[in-house]
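Undergrad: sequence plus predicted model, see below.
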Amino acid sequence: MLSIRYEAPRSIAEAIHLLASDPGAHVLAGGTDLLVQFRAGAKQPSAFIDVKRIPDLVGISLDTNGLRLGAATPAAAICEHAELGRLWPGLVEAVHLIGSAQIQGRGSVGGNLCNASPAADTTSALIADRAECVIAGPGGERVVPAERFCTGPGTTILRRDELLVAVVLPRPPARTADAYFRLIPRSEMDIAVAGAGASVTLDASGTCTAARVAVGAVAPTALLVDAAGQALIGTRLDEATLSLAAAAASAAARPISDKRGTAAYRRHVVGVLAKRAIVSAAARARER
Amino acid sequence: MSARTYRYIGTRPIRHDGLDKVTGRANYGADFTLPGLLQGVVVRSPHAHARIVSIETQAAEAVPGVKAVITGKDIPETSARLALGAEGAFDLHDIGDNLMAHGKALYEGHAVAAVAATSIDAAREAAKLVRVVYEPLEPVMSIERAIAPDAPILHADMVTKGRPLPGTTGPTNIAGRMELKRGDVDQAFAGADVVVEREFRTSTVHQGYIEPHACVARSGEDGQILVWCSTQGGFIARDFCALILGIDAARIKVIPSEIGGGFGGKIPVYLEPVAIVLSHKAGRPVKMVMSRSEVFRASGPTSGTRIRMKLGAKRDGTIVAAQASLWYEAGAYRGSPSGAGAMCCLASYAIPNFFVEAHDVVVNKPKVAAYRAPGSPMATFATESLVDEVARAIGMDPIELRLKNAVAEGDHAPYGPVYGPIGLKQVLEAARAHPHWSAPLGPSQGRGVACGFWFNAGLSSSATVTLNGDGSAGVVTGNPDIGGTRVAQAMMVAEELGIPVERVRPSVADTDTAGYTDLTGGSRVCYATGMAVIRAAQDIAEQLRSRAATIWNVDRDRVAWEPGRPGRVIALDESPDGSVRPPLTIVELASKMAQTGGPIVGRAAVNAPMAGPGFAAHICDLDVDKETGRSTVARYTAIQDVGKAVHPSFVEGQMQGGAAQGIGWALNEEYIYDADGVMENAGFLDYRMPVASDLPMIDTVLVEVANPLHPYGVRGVGEVPIVPPLAAVANAMRDATGVRFTELPLSPSRVLEGLGTIAKG
Amino acid sequence: MRIQVETTLNGEPTTFLCEAHHSLLDVLRNGLGLTGTKEGCSTGDCGACSVLMDGRLVPACLVLAPEAQDRTVITIEGIATSEALHPLQQKFLEHAALQCGVCTPGFIVAAKALLDANPNPSETETRYWLAGNLCRCTGYDKIVRAVLDAAAEMSSGKAAAR
């Protein structure tokens, strides 16, 4: 018979210990992926380690340096935070796209990263925003850029006894803004067929001085598309430049055909989305 | 019929069962429990097509808590049939084999064994330990493959019923073929000014009811069986169980629960006979509830189709000829609604020459079940797309073209009978007059219109009305109430007896309590069961006349029933002393029941072989993002001849719900299979039904052309509204993009492929 | 391994036993007999099992029962008072915003969460908030109207909001 433990550690150290001592233990944040996979028989944990009672993993702290998002903070709390929506509208848009209001009551940015779906909406937005992942393990903390966190569909750089505790974002410089667009057949509730996040910095004259473009659901992991970002720098984001960036995003894509869309469709549409994200981010940056 | 003034019909009272539903008290299929209840789980085939070599159950039986394990050997193979109406019939052999495979697994998810245990965890663990050895066979997943000369044959004994294709001999996957014809098609096409022809395809789609199939069965030591289940018909569920298991119907009592949607999909039985056999074997009651994945994989979606159609018209818009070849997937057993598709696809237009052939083809997918106007939406998608093309070809307004060809009273339906009073022309005129039709469109938008037809059903129904001593009443019928039929029945009693709707208590009864009643389906409940209710109420009025005659000591003929508020009886003559007798109200007569002859119970049973056909026209505005291929319904209007709307809110609700299902069918819904015939999207995440943010408000126009077969003019309203949306959406896509799409769903990838933006993938 | 959980359910202190892997939905329906919370998919895609946990809208199918320890849970059974229906419940009845009714408890709980946070939602906000609640019968028209009407009535103070 099924004999699974439920543990609700109160500290990071306690959680690390539980993970280290039971190779079958799985971290439970919102459960919106893990419990579905568990019921489908895709994952068979020996223990659920519920990390939502660890104060460091739940909460939003914003200071002059930037943002620290507890990894298990529910998406709904992020969407409700007025200041986050002002500073990182693109990231909040991506968080807001995760499932339904119900799912957002459970799902978290950390969980979205750790589930390591190539289509995860927040991952592309985090990459565009230069987010870093704070990882705790038996030997202490390490920090890795968001674009290096996922290593393939369902796999991350986390070792078995490590825990993603937070995601940190630097405060956006002046005239910098982000945006995230995805394509789903319906208006809500679908997994992205393709997604693109962009962060754009403009100077006072409207020339782009820095840019990052990241794409999702078009490769085994979300990708930072350097070529797309580079194409924007030094330009005033004219139509030809935008087309170059879109083409770079499409060129970087290594999509598959599956039940959610064909490879040809994904390759095309990720360029459209990248362009829209850049245009939207730039429009926001101009207003700052 | 004279224009009758109604007191209650046409009003919008709150449904009697509503309170329980908004407070969570209403009990649905999975909400019932009994002491000692076991949990049942079905073992399902992972293969789409496989011979079952052996099944070993010992390991499963050894799991602690397991009380029974059954396989196909425990479900007898029957040759029984169950009649439905004068012509229809269900083949119980196939339904029995579908609920537990006997020799072959015919689709992924086909049941091969079942387990009952003291907990769901134990039952699931045991189910994993049932060892089935399969010999996998090539899965037949398309019509093309099914009819290829070297195709694997699903059923070695299958021959084509009806009119086989010439040269067909020996076993086949073409389960049936029929033809409909009128006039001389070849000559008519030769004389046509415009001929349009296309091939259309639609995908397998599911009804998508939110409540999974669920039941509890208890087989007692005395052989008496109780089944508590979510079904569209207590009696049909009872009779299916009795015939499949070879037991007397009188030994089975089916208590229909509240039903969480059906749309045709809860007419068949999937779990009930299995639960009975498990309960019999275990000696304890057994509960079975499907998961959502099981609902998709192993209940009854409707057919994927391939339809080739051709229309010929004169330059003035007169459609002179039609030719169609319909191919419908039946799933694993014969019985697609291809015949209904053939009868419906030209039913809106008076076309003098046509030839339609319809094929029923078995493939390794779940056995299809009825889905709201079964067969009509797909074939109508083809017709209404081509009618749109004809309008474009001759430069005529699409509503004008439809009006020019629309059927009216006295026209022959393509399937034979002469139409009585029908409302298609009135519906089209209402569509033309609706502000939606002339509203400006946005730059990325297109507008489409389409018509739809459904026969509607009559069939058999019973009703009982009981008058209470205080003048209130109860009405009991046997139709599970899916969308507000109880309140409609109470309104009919209120109308006939002149008592307030809230003083009438409507109930859906079990098969021991209600008189025999056919299923909730065919848009028949308000119509046929409604007639039984009206007659049962009139029976009460007749009895009240007798009671008043007794009180007044006059001949019954000298007493009249006067509907009113309240209803009352009046004496036609003065009393012997010359005074005018004051009328006796139903309330007064009810209070004197015991003194005037005892209980007053009205009963009626009706057999309605005919029904009033339904027609609708829908207008859809689609906003298309040509860069991504994504489209959004921007505005939608449904216009329908509803006969007489008993409770307009619920009639509107049927129209809005049917439109939403049709929009889903058109835009996003489809069964997706991998190369092995395994369903890849058996959940609500990837089987994309419309969500609230996908749709606008759905405007409705209720056209009322009375159906002379019903005392109030009621005609079925539930099914027609799913028929027009497929083409209404596709015609709007044509308008927005300039491209005629002939394959559904209109997914973003498909649209960009059609626009030539990307290569076909 | 049975776990004892102490929680507050519809305002009442409640203790139940469960297995670690049992969902809050399992416990509500089967252990505690609160079958108003419906199971439509168990993958968080239909909204039929919507409940409020510490005031936040969640799908009970994706909450492990032991997580309810020390939390407050409100289900459809806890929405009305003994004196009156919640205005949402009343408006669903008046607008005929239910046909089969199996999705209705989830819609009412979700709509309550919406109105608790946003007393005057637009039609678009309402539709997007309710996108996680599937209804296959109504086409959502009457549901959205009922929610907007309840919001209007609650804001105008005609009804005593809870």
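TA: Cool, got the structure. Quick caveat, the model's predicted, so the values are computed rather than measured.

Undergrad: low-confidence stretches in chain B?
TA: Along chain B, the parts satisfying pLDDT under 70 run over B:1-3, B:86-87, B:761.

Undergrad: and the residue of it nearest chain C?
TA: As assessed by CB to the nearest CB, chain C sits closest to B:Gly24 within chain B, at 1.8 Å. In this view, the C-beta of every residue, glycine as well, is placed from N, C-alpha and C.

Undergrad: secondary structure class for that residue?
TA: Here B:Gly24 is recorded as coil under DSSP: H, G, I helix; E, B strand; the rest coil.

Undergrad: partners of the strand or helix carrying B:Val624 in the sheet?
TA: Take DSSP states H and E as the rule and B:Val624 turns out to sit in strand B:614-625. Strand B:614-625 has these partner strands in its sheet, going by DSSP bridges: strand B:445-454 (antiparallel), strand B:630-641 (antiparallel).

Undergrad: list the contacts of the one residue in the stretch 1-150 of chain A that gets nearest to chain C.
TA: For the stretch 1-150 of chain A and chain C, the shortest gap (CB to the nearest CB) falls at A:Ser100, measuring 2.1 Å. By CB atoms under 8 Å, 6 or more residues apart in numbering or on different chains, the contact list for A:Ser100 reads A:Glu188, A:Met189, C:Gly44, C:Gly47, C:Pro59, C:Ala131, C:Gly132, C:Asn133.

Undergrad: interface residues of chain A facing chain C?
TA: For chain A, the residues in contact with chain C (CB under 8 Å from any CB of the partner chain) are A:2-6, A:8, A:28, A:30-32, A:35-36, A:38-39, A:47-48, A:50, A:52, A:74, A:76, A:80, A:99-103, A:105-106, A:187-189.

Undergrad: out of the residues you listed, which sit inside strands?
TA: Residues of those located in strands (DSSP state E): A:Arg5, A:Tyr6, A:Leu28, A:Ala47, A:Phe48, A:Asp50.

Undergrad: can you list those in TSV and add pLDDT?
TA: Listed next are those as TSV, based on pLDDT from 0 to 100:
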residue	pLDDT
A:Arg5	97
A:Tyr6	98
A:Leu28	98
A:Ala47	97
A:Phe48	98
A:Asp50	98
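
Undergrad: check what pLDDT the closest residue to chain B within the stretch 51-200 of chain A gets.
TA: Using CB to the nearest CB, the closest approach of the stretch 51-200 of chain A to chain B is made by A:Ser187 at 4.2 Å. Confidence at A:Ser187, expressed as pLDDT, is 95.

Undergrad: OK, contacts around the nearest residue to it once chain neighbours are set aside?
TA: Closest residue in space to A:Ser187, ignoring its immediate chain neighbours: B:Ser693 at 4.2 Å, by CB to CB, 6 or more residues apart in numbering or on different chains. For B:Ser693, the contact set (CB under 8 Å, 6+ apart) comprises A:Arg186, A:Ser187, A:Glu188, C:Thr124, C:Arg127, C:Tyr128, C:Leu130, C:Ala131.

Undergrad: gap between the last one and C:Ala96?
TA: Distance from C:Ala131 to C:Ala96, counting by CB to CB, to the nearest Å: 22 Å.

Undergrad: from B:Leu459, how far off is whichever residue of the stretch 1-150 of chain A sits closest to chain B?
TA: For the stretch 1-150 of chain A and chain B, the shortest gap (CB to the nearest CB) falls at A:Leu2, measuring 5.4 Å. To B:Leu459, A:Leu2 is 48 Å away according to CB to CB.

Undergrad: where do the strands sit along the chain?
TA: As the question left the chain open, I've gone with chain A. Under DSSP E, chain A gives strands at A:5-7, A:25-28, A:47-50, A:60-62, A:66-70, A:132-137, A:140-145, A:150-152, A:155-156, A:163-170, A:176-183, A:194-202, A:208-216, A:223-224.

Undergrad: wait, chain C
TA: Using DSSP E, strands in chain C cover C:3-9, C:12-18, C:50-53, C:56-59, C:72-74.

Undergrad: quick one: closest of these to chain B.
TA: Closest among the strands of chain C, using CB to the nearest CB: strand C:50-53, at 10.7 Å.

Undergrad: what's the average pLDDT for that closest one?
TA: The model assigns strand C:50-53 a mean pLDDT of 98.

Undergrad: what pairs with that strand, and is each one parallel or antiparallel?
TA: strand C:56-59 (antiparallel), strand C:72-74 (antiparallel).

Undergrad: ok so, going back, check which residues of the strand holding B:Val624 are buried.
TA: B:Gly614, B:Phe615, B:Ala616, B:Ala617, B:His618, B:Ile619, B:Cys620, B:Asp621, B:Leu622, B:Asp623, B:Val624, B:Asp625 (16 or more other CB atoms under 10 Å in any protein chain shown).

Undergrad: sorry, back to before: OK, contacts around the closest residue to the residue of chain B closest to chain C other than its chain neighbours?
TA: In this structure, B:Gly24 finds its nearest non-sequential neighbour in C:Gly36, 1.8 Å apart by CB to CB, 6+ apart. Residues near C:Gly36 by CB under 8 Å, 6+ apart: B:Thr23, B:Gly24, B:Arg25, C:Thr75, C:Ile76, C:Glu77, C:Pro105.

Undergrad: redo that, cut-off 10 Å
TA: For C:Gly36, the contacting residues are B:20-27, B:31, C:28-29, C:51, C:75-79, C:104-106, C:108-109, by CB atoms under 10 Å, 6 or more residues apart in numbering or on different chains.

Undergrad: what does A:Arg260 give?
TA: A:119, A:183-185, A:190-194, A:217, A:266, B:672, B:680-681, B:685-686, B:688, B:747, B:749 are the contacts of A:Arg260 under CB under 10 Å, 6+ apart.

Undergrad: how about the residues of the stretch 101-250 of chain A by chain B?
TA: Proximity of the stretch 101-250 of chain A to chain B, by CB under 10 Å from any CB of the partner chain, involves residues A:Phe181, A:Leu183, A:Ile184, A:Pro185, A:Arg186, A:Ser187, A:Glu188, A:Met189, A:Asp190, A:Ile191, A:Val193, A:Ala194.

Undergrad: mark which of those are buried, thanks.
TA: A:Phe181, A:Leu183, A:Ile184, A:Pro185, A:Arg186, A:Ser187, A:Glu188, A:Met189, A:Asp190, A:Ile191, A:Val193, A:Ala194.

Undergrad: and for the nearest residue to the last one once chain neighbours are set aside, the neighbour number?
TA: The spatial neighbour of A:Ala194 that comes closest, neighbours along the chain excluded (CB to CB, 6+ apart), is A:Val270 at 4.2 Å. By the other CB atoms under 10 Å in any protein chain shown criterion, the neighbourhood of A:Val270 contains 33 residues.

Undergrad: with B:Ala48 instead?
TA: For B:Ala48, using other CB under 10 Å, the count is 27.

Undergrad: so it sits against B:Tyr673, correct?
TA: Yes. With contacts counted by CB atoms under 10 Å, B:Ala48 reaches B:Tyr673, the gap being 7.8 Å.

Undergrad: overlap in contacts of these two?
TA: B:Tyr107, B:Glu108, B:Pro139, B:Met141, B:Asn364, B:Lys365, B:Met679.

Undergrad: now render those residues as JSON lines, adding secondary structure, neighbour count and distance to chain C.
TA: As requested, the shared contacts of B:Ala48 and B:Tyr673 are exported to JSON lines (DSSP: H, G, I helix; E, B strand; the rest coil; neighbours: other CB atoms under 10 Å in any protein chain shown; distance: CB to the nearest CB, whole Å):
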{"residue": "B:Tyr107", "secondary structure": "coil", "neighbour count": "29", "distance to chain C": "21"}
{"residue": "B:Glu108", "secondary structure": "coil", "neighbour count": "25", "distance to chain C": "19"}
{"residue": "B:Pro139", "secondary structure": "coil", "neighbour count": "25", "distance to chain C": "26"}
{"residue": "B:Met141", "secondary structure": "coil", "neighbour count": "22", "distance to chain C": "25"}
{"residue": "B:Asn364", "secondary structure": "coil", "neighbour count": "31", "distance to chain C": "25"}
{"residue": "B:Lys365", "secondary structure": "coil", "neighbour count": "28", "distance to chain C": "21"}
{"residue": "B:Met679", "secondary structure": "strand", "neighbour count": "25", "distance to chain C": "15"}
